[in-house]
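In: here is my input, please return the structure:
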Amino acid sequence: MTTVRETFGLACPGCGSNEDLIVEVTTCVRLHPDGTEDIGDQEWTGLSYCACRICDRSGTVTEFHIPDTEGGQ
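Out: From the prediction side, this is the model:
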């Protein structure tokens, strides 16, 4: 099983966790009377909001980026 650290190059700079991170993304959705349908890719940048649900640390994706990893967006 791969980790968030391995896949995206992200981990919490506070506690080191990479199991429960939140990232603010931009995407496109189709609106229906009953709700929405995700039709676009999910995108984020280094300036996007990022948070750890383990220790409540928050910042930008850049602050959560782990140097020298293969992952990244």
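In: where does pLDDT dip in the chain?
Out: Applying pLDDT under 70 to the chain picks out residues 69-73.
In: rerun that using 90 as the cut-off
Out: Within the chain, the segments meeting pLDDT under 90 span 1-2, 40, 67-73.
In: residue nearest the middle of it, spatially speaking?
Out: Among the residues of the chain, residue 23 comes closest to the average C-alpha position under Cα atoms, centre = their mean, at 3.3 Å.
In: which SS class is residue 62?
Out: Here residue 62 is recorded as helix under DSSP: H, G, I helix; E, B strand; the rest coil.
In: quick check: nearest residue in space to it, chain neighbours excluded?
Out: residue 46 (3.8 Å; Cβ to Cβ, 6 or more residues apart in numbering). Where you see a C-beta, it was placed from the backbone N, CA and C, and this is true even at glycine.
In: the one you found: neighbour count?
Out: Counted with other Cβ atoms under 10 Å, the neighbours of residue 46 add up to 13.
In: quick revisit: residues in a beta bridge with the residue nearest to the centre of the chain, which ones?
Out: residue 50 (DSSP bridges).
In: which residues touch it?
Out: Taking Cβ atoms under 8 Å, 6 or more residues apart in numbering as the criterion, residue 23 is in contact with 10, 44, 48-50, 61.
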